[in-house]
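1. got a sequence here, can you model it:
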Amino acid sequence: VRLLPWKIPGWLIDATLISFVAGGFLIRSTVEDVTNDTAAWIGLAVSIVLLLTRRRYPLPTLVLSVAASAVASAVTDEPSVLLLISLIALFNVAQQFKRSVALTAGVGTTVSFLLIITTLLEQGAIDGAGLASIAWPAFAATAGIVVRSTRENVAASEERALRAEESRELEAQRRVVEERLRIARDVHDLVAHHIAVINVQAGVAGHLIESDPDGASQALDVV
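-> Purely as a prediction, here's the structure:
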């Protein structure tokens, strides 16, 4: 989403995720008849709140979502929608923080998922579904890191292009200034030459004004 040529509003992304989570919960409620399950409704409400806070407070949201997932799994003895919220929060952490923080968060989330699956959900040996659920945190962290790296590369490319454009503008301005200085020097030299000629011819006219009026007249014509 962050790499599209147009910017999608944050509220639209949040609304889509909330609709996805709420829609999935309602479908599950209809199929499994959990409309009277208070813990499930509380989990849905907490999920919506965490989705709204994940962008501004990614790390606290990740910690709270993992902790809430553990509590919900311990209470209901089944996977909670909060596990999905943990993955979304992990993606935001990897997208907003440097790689070391993202990797640490990914490892911590993976270990937490492993403990939830093997201990709280009492699955013991991890089957294919368990392995897949443990792999999801790695995928979320990797996706966030890739998006962050790509955005940084795009920003660096744009900055380099901007600097190159500024350099071209400065070079053009420098050439304009140099050309103006050259013209000024040429005009100065030309005017100085004419002033020198005027000075010389005026001196000649002053010297010949009495002895050679015609010569003085020619010198004044030159002036």
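2. can we go C-alpha only for contacts and neighbour counts from here?
-> Fine.
3. state the pLDDT value of the residue most central in space within the chain.
-> For the chain, the residue sitting closest to the mean C-alpha position, by CA atoms, centre = their mean, is residue 151 at 5.3 Å. With respect to pLDDT, residue 151 scores 84.
4. which helices and strands sit right next to whichever helix or strand it is part of?
-> Element membership for residue 151 (DSSP states H and E) is helix 128-208. In terms of contacts (3 or more CA pairs under 8 Å, 6 or more residues apart in numbering; DSSP states H and E), helix 128-208 is packed against helix 82-96, helix 99-115, helix 213-222.
5. just put those helices in JSON lines and tack on distance to residue 168, mean pLDDT and mean neighbour count.
-> Shown next, in JSON lines, are those (distance: least, CA to CA, whole Å; pLDDT from 0 to 100; neighbours: other CA atoms under 10 Å):
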{"stretch": "helix 82-96", "distance to residue 168": "34", "mean pLDDT": "93", "mean neighbour count": "26"}
{"stretch": "helix 99-115", "distance to residue 168": "35", "mean pLDDT": "90", "mean neighbour count": "18"}
{"stretch": "helix 213-222", "distance to residue 168": "48", "mean pLDDT": "86", "mean neighbour count": "15"}
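6. dump those to TSV, plus distance to residue 181.
-> Formatted as TSV, those follow (distance: least, CA to CA, whole Å):
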stretch	distance to residue 181
helix 82-96	51
helix 99-115	53
helix 213-222	30
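7. what about the ones you listed, which gets the closest to residue 59?
-> Closest of these to residue 59 is helix 82-96, at 6.2 Å (criterion: CA to CA).
8. summarise which helices and strands that closest one is packed against.
-> Judged by 3+ CA pairs under 8 Å, 6+ apart, helix 82-96 is in contact with helix 38-53, helix 58-76, helix 99-115, helix 128-208.
9. quick one: list the elements packing against the shortest one.
-> Think helix 38-53. Packing partners of helix 38-53 (3+ CA pairs under 8 Å, 6+ apart): helix 10-32, helix 58-76, helix 82-96.
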